[in-house]
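S.K.: I would like to see how this sequence folds:
(2 chains)
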Amino acid sequence: MTIDLQYTPKHHALRTEARAWLEANVPREPLPSYDTAQGFEAHRLWEAKLHSGRWSMVTWPQEYGGRGLDLIEWLIFEEEYYRVDAPARVNQNGVFLFGPTLMEYGTAEQKSRFLPRLASGADIWAQVWSEPQAGSDLAALRATAIHDGDEYIINGHKIWSTRAVYADWGFGLFRTDGFSERHRGLSYVVVPLRTPGVTIRGIPQLDGESGFAEIFFKNVRVPVANRIGDEGQGWSIAMATAGFERGLMLRSPARFQRAAQRLIELYRRAEQQTAPIDPGVAATVTQCWMDAEAYALSTYMTASRLIAGGTIGAEASLNKIFWSELDLSMHRAALAILGARAELRGRGGGESGAPAKIPDEATRWMDGFLFSLAGPIYAGANEIQRNIIAERVLGMPKG
Amino acid sequence: MDFTFDEDQRLAAQSLRELLNDHCQGSDLRRAADVRDLPSFEAACATRRARLAELGLTGALVPAEQGGLGLGVVDFVLLAEEAGRAALPEPLVDVEGVAHPLLAALVLAAPSARAESGLQETLAGSALVLSTAPGTAVLANAAFAQYLLLGHSDDELALYLASDISLTHRDSIDPLRRLSEIVPSGAKPIAKVTGAAAASAWQAARARSTVLNAAQLLGLGARMLEITVAYSLERKQFGKAIGSNQAVKHSLADVMVKLEFARPVVYAAAATFAPMRVAHAAVAAADAADRAARAAIQVHGAMGYSWEVDLQFYAKRAWALAGLNGGRSAQFSAVHQSALRGELEAQWA
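M.R.: Residues are numbered from 1 along each chain as shown, chains lettered A, B, ... in the order given. Predicted structure coming up:
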């Protein structure tokens, strides 16, 4: 068997089924931003809806409410998902990071306690990694979880925690002994965010919404059963989580192929309606299309390799750099085409009780642009990814 | 849907790599690059040519019914990458990837005794066939060929005895590419196809050449990266290897990103042969190799600007190949036109 880029009848059937369900169920109007209280709950309901059709966790095993799809099938589902501009996944961190981590490292009790509620959207999960003095250098973290009988007492200050303003649970790393340094002595612990001793302060992002938060823990007691894996094993579990994140599942190629398609549509409309377009912008539009295709092909290649028993290593870092720069480039091109329209905010709401209004096209591109600026920073800054590639793949010495 | 190469394809590439590791290192290239006259050049390449002939790739893309191996471009793409990696002076890709199947197509479209016997000679390895698509006047390695496939336009595919064609030597910036300008003359072809059959044969030949050159560019880029990483570990300034500096690391990490995201595009083009994928492959591979060459020379410092460093062989080959088949600019325009005309969905069947 040589390279085969044709979908099988089973693939086509899956696509047809997903398309039919999505077309029947995707909200007609885009949901308000999940960085607002109202939007968050609307997105939580969408997670429940997806779950009712068994589309919320397609790659999870059937016993946990998934369909047991392989990575190629997942890519097909994602293509259909983005094709209809279905809502962003408010439980993304739970679905793609915490869920797979729990399946690999959790006990049977932990799995049955957390996975069904995660799958249905009853619990929305946030990451609790960074601290004011521990960003790229995560091993510098100081928050503690000290063993006391059957409980841990958690103290510390976490920050840049995405979705934490409204989320129900957080997963992250804490020092479970008082003396270890760096990546030793860390444990992976899950913490309810709506519990005494937890103070959450939203941090407004560039778009003005509180999409991330800082979290203060003051003598928060959680059962020892909230620890995933062994005490002191936290770093290696977290690295596995980071592997999922930067690897294939954080940003599916369909997201960028859909954006590239929207960019081309924007370009073609502008070409017909407005003054001549800078040939440099036209070339960027084409480059974006090519890069979105390249990312898709690369993902299909990696997925095929993983299905055949391979593992994901440094590709994760290569992917992270590639898609984050592509995303930025697409949005910059869109803003260049939009010209003076780019700065206009076409989204109202604000009066209490009034429904949050839907962003118009220019606002959507600007919001997307602002978010794309975060891409090269979150999930491990691109500078760190370049170090990883240079040191672990190319074999260059640490600085 | 399975985007992986099979065992046979990987093993074939592996054996070519081993052969080239033994016979196509920088020192081997330098021996050939340092001589000007044709016989000395051929002498410098003789051992490698003999080993390559033993590899059994002759007629690789010629259909089995016509006495070839009946392989496809997808079976050849990893071999082309290896040829690039080594900056192979021999026209393995131009002959077996392009001209040989083109000759077979001519024989099929217009059977004739003379064309048939030409194909038998080339399959037996006693003669070499090369081709240059209409509109290109300069051909590498034509001086070593016995048969040439040429055309005044896409409507004509004609087989000539090389001895009937007037060739003028031209120097290349790549000292390992022996170029000849083909001077139009009154030579008579020994076989000829015209019309639609000729046009489709040329179109296929151009697409094969474009994809396989893209694969060579991937190999060249990867080799330049490898050479440069090694140099960055060896060269010390301020008491430490220059490769421990982040500015150097990040530059080379970016080269790797470019190469690794050009790779699946080239492989998909080889597997599907869709025109848009082929053009995309040409652009992506040319850009990646260009980035590799630029970073490699910079990291080598003054050594990178010197004749003494082997890096030049790979960089110059990359620059030469990037200009062929219309070059990066024409290929980019082709993608641009298709992408903006909405020919998107068809790529994923």
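S.K.: going by C-alpha atoms from here, please, whenever you check contacts or count neighbours.
M.R.: Noted.
S.K.: element containing residue A:280, please.
M.R.: Under the assignment given by DSSP states H and E, the secondary-structure element containing residue A:280 is helix A:279-307.
S.K.: is chain B within reach of that helix?
M.R.: Yes: for helix A:279-307, a contact with chain B is found by Cα under 8 Å from any Cα of the partner chain, at A:283, A:286, A:289-290, A:294-295, A:297-298, A:300-301, A:304-305.
S.K.: got JSON lines for these, with distance to residue B:289 too?
M.R.: Shown next, in JSON lines, are the residues of helix A:279-307 next to chain B (distance: Cα to Cα, whole Å):
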{"residue": "A:283", "distance to residue B:289": "20"}
{"residue": "A:286", "distance to residue B:289": "19"}
{"residue": "A:289", "distance to residue B:289": "20"}
{"residue": "A:290", "distance to residue B:289": "17"}
{"residue": "A:294", "distance to residue B:289": "16"}
{"residue": "A:295", "distance to residue B:289": "18"}
{"residue": "A:297", "distance to residue B:289": "19"}
{"residue": "A:298", "distance to residue B:289": "18"}
{"residue": "A:300", "distance to residue B:289": "23"}
{"residue": "A:301", "distance to residue B:289": "21"}
{"residue": "A:304", "distance to residue B:289": "26"}
{"residue": "A:305", "distance to residue B:289": "25"}
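S.K.: so which residues of the chain form strands?
M.R.: Defaulting to chain A. Residue ranges of the strands in chain A, as given by DSSP state E, are A:125-128, A:144-148, A:151-162, A:169-175, A:186-192, A:198-203, A:212-223, A:227-228.
S.K.: you looked at the wrong chain, it should be chain B
M.R.: Taking DSSP E to define them, one finds strands in chain B at B:129-131, B:138-140, B:147-150, B:156-161, B:166-170, B:179-183, B:191-194, B:236-237, B:240-241.
S.K.: out of those, nearest to chain A?
M.R.: strand B:240-241 (7.9 Å; Cα to the nearest Cα).
S.K.: so for the helix holding residue A:280, what gets flagged as buried?
M.R.: Residues of helix A:279-307 classed as buried under the neighbour-count rule (16 or more other Cα atoms under 10 Å in any protein chain shown) are A:281-282, A:284-305.
S.K.: kindly report the same for stretch B:329-344.
M.R.: Along stretch B:329-344, these residues count as buried under the neighbour rule (16+ other Cα under 10 Å): B:331-336, B:339-340.
S.K.: want to throw those residues into TSV with pLDDT and distance to residue B:84?
M.R.: As requested, these are arranged in TSV below (pLDDT from 0 to 100; distance: Cα to Cα, whole Å):
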residue	pLDDT	distance to residue B:84
B:331	96	20
B:332	96	22
B:333	95	25
B:334	94	25
B:335	94	24
B:336	92	27
B:339	86	29
B:340	82	32
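S.K.: list the contacts for residue 49?
M.R.: No chain in the question, so chain A it is. Contact partners of residue A:49, counting by Cα atoms under 8 Å, 6 or more residues apart in numbering or on different chains, are absent.
S.K.: please refer instead to chain B.
M.R.: Remark: with contacts taken as Cα under 8 Å, 6+ apart, residue B:49 is in contact with residue B:90.
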